[in-house]
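> what shape does this take:
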Amino acid sequence: MDHHGFWSLLPPLLAIILAIRTKQVFIALLFGIWLGWVILNGGNILSGTAATIQALVDVFKNDGNTRTIMFSALVGAIIAFIQRSGGVLGFVNLVEGWLIKLDQQQEKDQRRTVQWLAGLTGMLIFVESSISVLTVGSLYRPVFDKLGISREKLAYIADSSSAPSCILIPFNAWGAYIMGLLVLQGLDNPIGLLINAFPYNFYPILAIAFLVFVIFSGKDFGPMKRAEDRVRTSGKLMKEGSQPVVSSEVTMMEVKEGIEPKATNMLLPIATMVLMMPLTLVITGWESTNPQAALFNRIVTSIGNGSGSTAVLYAVITAVVVAAIWYRIQGIMKTGELINVAFKGIGGLIPIALLMLFAFAIGNVCQELGTGDYVAQISKNWLSPALIPMLLFLISAFIAFSTGTSWGTFAIMIAIAIPMSQSLGANLYLSIAAVMGGGVFGDHCSPISDTTILSSMAAATDHIDHVKTQLPYALAMGAVSALLYLLVGTMGM
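So this is what the prediction gives:
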């Protein structure tokens with residue numbers, strides 16, 4: 001048996017419910033992991049507990065998991081560096097001066113402009129979602145704080161401008177991964193399939209369009225509106241009793257006395273991190289290219305075949321080294337102080353590294369339980385050609401929501417969607433797009449998603465507050481997407 005039936009749904013569902021109800025994400029995830037391994041051990045609590053501990057250790061057997069956890073902690077060094085060096089304050093002063101010159105009308109227009117800049121930055125860094133949310137959070141958090149925009153809004157902008165743009169662009173790690181899954185299904189010209197599926201990838205397109213609407217209209221609803229009203233009336237960037245994912249030692253580090261704030265002290269490390277990402281993707285994927293192909297084709301292919309987790313880790317490490325050398329040259333900090341500041345930053349992000357560890361562990365136990373396989377299996381009999389796109393979208397969304405991984409969802413659902421669509425005569429492009437969009441939708445809604453966690457970290461906001469404020473927006477666009485898949489599927493397009 002490839003799954004444990006209904007029991008395979010309990011661990012992720014209970015973890016999600018506990019996380020939302022208690023706001024104790026660590027305990028909720030740990031309980032979900034523990035329950036999963038108790039089920040796998042036939043209900044034996046002792047052996048299940050031992051298996052849980054071993055499962056947490058085994059997370060590090062996967063090189064990609066280890067690299068992701070490492071860069072989640074190391075990015076704290078960059079955040080601490082750019083604050084201590086006066087880079088953040090210099091950037092805030094630069095943006096404020098630019099906004100004043102650009103628009104001398106109202107504060108409302110300045111708030112709209114800086115939100116649009118943050119969203120545009122996230123969309124332009126489509127190479128990898130993690131680097132996108134980290135860059136948006138690092139660059140714009142101090143400016144948002146200065147203008148009185150809630151941390152929840154920054155997390156929403158970072159989250160909604162990252163994965164949706166990444167999934168729409170084939171020439172990145174996301175595109176390469178999906179193309180590999182399509183090739184495994186015996187399909188030729190996977191890049192052509194993704195390009196043709198683009199118009200049907202409704203959720204990412206709608207998520208970006210709605211983000212633009214929210215920014216330029218200034219209209220919020222639900223928990224997000226309450227968060228924005230809170231900042232305007234009380235000046236509190238976070239709700240009373242909320243705990244930011246990032247330690248205050250990272251987000252509140254004071255500028256060193258006697259240092260002139262310079263935006264370059266912030267922009268240079270961030271630019272290094274962003275530029276190193278595609279370069280490292282080329283390096284790690286170069287051996288997989290055809291030596292006889294044109295240089296441009298080899299570069300594009302290597303970016304698609306490169307290791308995303310390796311690229312992010314090397315990008316962060318290089319940015320840390322460049323920042324340390326740059327500050328040392330300027331005489332801002334000596335070597336000993338650089339090391340101390342780096343360790344303070346890393347220490348402040350240990351909670352997020354631990355959160356990533358638990359997220360990977362619950363994803364692994366869901367795989368062992370066959371959660372995705374069970375959901376996919378029980379839904380097979382419902383499908384007809386007209387309903388296939390909508391149901392593929394909803395099932396993919398539920399699997400991604402339950403497991404916290406869109407990539408895992410793609411692996412499960414593409415293997416089911418392709419043969420099912422071919423045998424029942426459904427539109428292949430529409431089915432592929434439905435799986436991709438559903439994976440991103442469920443990932444956006446899930447509190448155990450790594451992108452959702454990183455968005456909370458980058459914005460230095462309470463993780464559950466980010467989930468609650470983003471959820472109504474994601475659900476609204478998800479509902480519209482589902483209706484579009486039903487409409488288009490019924491029309492036989």
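
> sketch out the low-pLDDT regions of the stretch 301-450 of the chain for me.
304, 308, 352, 372-373, 375-376, 379-383, 415, 423 (pLDDT under 70).

> if we ignore the residues flanking it in sequence, what's nearest residue 205?
With sequence-adjacent residues excluded and distances taken as C-beta to C-beta, 6 or more residues apart in numbering, residue 205 is closest to residue 168, at 7.2 Å. C-beta here means a position set from N, CA and C on the backbone, and glycine is covered the same way.

> list the buried residues of stretch 146-155.
147, 149, 150, 151, 152, 153, 154, 155 (16 or more other C-beta atoms under 10 Å).

> stretch 282-297 spans what distance, first to last residue?
Using C-alpha to C-alpha, to the nearest Å, the end-to-end distance of stretch 282-297 comes to 11 Å.

> residues contacting that stretch, please?
176, 298, 299, 301, 302, 303, 304, 305, 306, 307, 310, 311 (C-beta atoms under 8 Å, 6 or more residues apart in numbering).

> and if you look at stretch 264-272?
78, 81-82, 85-88, 90-91, 135, 138-139, 315, 318-320, 322-323, 326-327, 330, 332.

> can you check stretch 67-79 too?
Residues contacting stretch 67-79 (C-beta under 8 Å, 6+ apart): 59-60, 130, 134, 138, 246, 250-251, 269-270, 273, 309-310, 312-313, 315-317, 319-320, 323, 341-343, 345-350, 352-353, 356-357, 360, 450, 454, 457.

> and that stretch, what's its mean pLDDT?
Stretch 67-79 comes out with an average pLDDT of 80.

> could you export it as CSV, CA atoms only?
The C-alpha coordinates for stretch 67-79 follow below in CSV (Å, rounded to 0.1, in the frame of the first residue of the first chain):
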residue,chain,number,x,y,z
ARG,A,67,21.9,24.2,2.4
THR,A,68,18.5,25.8,2.9
ILE,A,69,18.7,25.7,6.7
MET,A,70,22.3,27.1,6.5
PHE,A,71,21.4,30.0,4.3
SER,A,72,18.3,30.7,6.5
ALA,A,73,20.7,31.3,9.4
LEU,A,74,23.5,33.0,7.5
VAL,A,75,21.2,35.6,6.0
GLY,A,76,21.0,37.0,9.6
ALA,A,77,24.7,38.0,9.3
ILE,A,78,23.8,40.1,6.2
ILE,A,79,20.9,41.8,8.0
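
> how far off centre is that stretch?
Distance of stretch 67-79 from its chain centroid, counting by C-alpha atoms, centre = their mean, to the nearest Å, is 15 Å.

> over to stretch 274-294?
23 Å.

> first-to-last residue distance for that stretch?
Stretch 274-294 end-to-end distance (C-alpha to C-alpha) = 25 Å.

> C-alpha coordinates for whichever strand or helix holds residue 11, PDB please?
Assigned by DSSP states H and E, residue 11 falls within helix 10-22. Extracted C-alpha coordinates of helix 10-22, given in PDB (Å, rounded to 0.1, in the frame of the first residue of the first chain):
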ATOM      1  CA  LEU A  10      -4.100  13.700  10.200                       C
ATOM      2  CA  PRO A  11      -0.500  14.900  10.800                       C
ATOM      3  CA  PRO A  12      -0.400  17.800   8.400                       C
ATOM      4  CA  LEU A  13      -4.000  18.800   9.100                       C
ATOM      5  CA  LEU A  14      -3.600  18.800  12.900                       C
ATOM      6  CA  ALA A  15      -0.300  20.700  12.600                       C
ATOM      7  CA  ILE A  16      -2.000  23.400  10.500                       C
ATOM      8  CA  ILE A  17      -5.000  23.700  12.800                       C
ATOM      9  CA  LEU A  18      -2.800  23.800  15.900                       C
ATOM     10  CA  ALA A  19      -0.500  26.400  14.300                       C
ATOM     11  CA  ILE A  20      -3.400  28.700  13.500                       C
ATOM     12  CA  ARG A  21      -5.300  28.200  16.700                       C
ATOM     13  CA  THR A  22      -2.400  28.400  19.200                       C
END
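
> for residue 438, which non-adjacent residue is spatially closest?
residue 396 (2.9 Å).

> tell me the contacts of that neighbour?
Residue 396 sits next to 409, 410, 413, 434, 435, 436, 437, 438, 439, 441, 442 when contact means C-beta under 8 Å, 6+ apart.

> export those residues to JSON lines and tack on distance to residue 469 and secondary structure?
As requested, the contacts of residue 396 are exported to JSON lines (distance: C-beta to C-beta, whole Å; DSSP: H, G, I helix; E, B strand; the rest coil):
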{"residue": "409", "distance to residue 469": "24", "secondary structure": "helix"}
{"residue": "410", "distance to residue 469": "27", "secondary structure": "helix"}
{"residue": "413", "distance to residue 469": "28", "secondary structure": "helix"}
{"residue": "434", "distance to residue 469": "27", "secondary structure": "helix"}
{"residue": "435", "distance to residue 469": "27", "secondary structure": "helix"}
{"residue": "436", "distance to residue 469": "25", "secondary structure": "helix"}
{"residue": "437", "distance to residue 469": "22", "secondary structure": "helix"}
{"residue": "438", "distance to residue 469": "22", "secondary structure": "helix"}
{"residue": "439", "distance to residue 469": "22", "secondary structure": "helix"}
{"residue": "441", "distance to residue 469": "17", "secondary structure": "helix"}
{"residue": "442", "distance to residue 469": "18", "secondary structure": "helix"}
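
> which among those gets closest to residue 119?
Top of the list for closeness to residue 119, among these and by C-beta to C-beta, is residue 441 at 18.5 Å.

> just to revisit the earlier point, out of the contacts of stretch 282-297, which is nearest to residue 281?
residue 306 (3.2 Å).

> how much space is there between the closest one and residue 298?
12 Å (C-beta to C-beta, to the nearest Å).

> so for these two, which sits in the more crowded spot?
Taking neighbours as other C-beta atoms under 10 Å, residue 306 and residue 298 compare with residue 306 leading, 25 against 18.

> how close does the more buried one sit to residue 478?
31 Å.

> follow-up on the earlier one: which ones among the contacts of stretch 264-272 map onto helices?
78, 81-82, 87-88, 90-91, 135, 138-139, 315, 318-320, 322-323, 326-327, 330 (DSSP state H).

> are any of those buried, and which?
Buried among the ones in helices among the contacts of stretch 264-272 (16+ other C-beta under 10 Å): 78, 81-82, 87-88, 90-91, 135, 138-139, 315, 318-320, 322-323, 326-327.

> what are the ranges of the helices in the stretch 101-250 of the chain?
107-124, 129-147, 151-160, 163-168, 173-184, 190-197, 202-217, 222-234, 248-251 (DSSP state H, counting those that start in this stretch).

> for those, which one ends up most surrounded?
Per-stretch averages of neighbours, counted by mean count of other C-beta atoms under 10 Å, single out helix 151-160 among the helices of the stretch 101-250 of the chain, with a mean of 29.

> show me what it is packed against.
helix 107-124, helix 129-147, helix 202-217, helix 222-234, helix 450-459, helix 463-491 (3 or more C-beta pairs under 8 Å, 6 or more residues apart in numbering; DSSP states H and E).

> any idea how far the residue nearest to residue 438 lies from residue 459?
Counting by C-beta to C-beta - residue 396 and residue 459 are separated by 27 Å.

> re the thing from before, rebuild the buried residues of stretch 146-155 as a markdown table, extending it with distance to residue 30 and pLDDT.
What follows is those, written out as a markdown table (distance: C-beta to C-beta, whole Å; pLDDT from 0 to 100):
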| residue | distance to residue 30 | pLDDT |
| --- | --- | --- |
| 147 | 38 | 82 |
| 149 | 33 | 87 |
| 150 | 29 | 87 |
| 151 | 26 | 88 |
| 152 | 25 | 90 |
| 153 | 30 | 92 |
| 154 | 28 | 91 |
| 155 | 23 | 91 |
